[in-house]
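Chemist: got a predicted structure plus its sequence, pasted below:
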Amino acid sequence: IGTGKRAKEFCSHTGFPEDSLFADPENGCYSALGFEKGAVSTFFRPQTPLSLARRYLSGNAEDLNKALSVWKPWIPPKLDQGLQQGGVFAFHGQEVIFSHYDPSTGAHADLKEVLKAVQLSE
């Protein structure tokens, strides 16, 4: 989700390499991959407060606090994109070696599982 301009801002802010980021202002990838969208799947599932609480209780909220300290409101190209769930896909060539669809806000893929899948593909 986002425009090329917003992608450049993100890269500038985080140090993420621009050539590794894909901006999708038309939401084509999210739609093609079948990611969920809507207020219920974004905010009103039990996974949302549980995943956020788990993050804070485990002491792993420092990155979230850091991001929120510099966060600024942003309106996506299409208003309903603000209710878009994401996910993680890892590829080895054209083969999908890891996939995760976020069930709700804050309920992301386990980074250790993603890294394990990527390392096994080398």
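Modeler: Arrived safely, thanks for sending.
Chemist: enumerate every residue touching the residue nearest the centre of the chain.
Modeler: Taking C-alpha atoms, centre = their mean, the centroid of the chain lies closest to residue 86, which sits 4.9 Å from it. Contact analysis of residue 86 by C-beta atoms under 8 Å, 6 or more residues apart in numbering lists 30, 35, 102. C-beta here means a position set from N, CA and C on the backbone, and glycine is covered the same way.
Chemist: can I get the residues you listed in TSV including neighbour count, secondary structure and pLDDT?
Modeler: Shown next, in TSV, are these (neighbours: other C-beta atoms under 10 Å; DSSP: H, G, I helix; E, B strand; the rest coil; pLDDT from 0 to 100):
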residue	neighbour count	secondary structure	pLDDT
30	18	helix	88
35	17	coil	89
102	20	coil	92
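Chemist: name the nearest of these relative to residue 50.
Modeler: Of all these, the one with the least separation from residue 50 (C-beta to C-beta) is residue 102, at 13.3 Å.
Chemist: so what's the residue count around the nearest residue to the closest one once chain neighbours are set aside?
Modeler: Closest residue in space to residue 102, ignoring its immediate chain neighbours: residue 85 at 4.7 Å, by C-beta to C-beta, 6 or more residues apart in numbering. The burial count assigned to residue 85 is 18, neighbours taken as other C-beta atoms under 10 Å.
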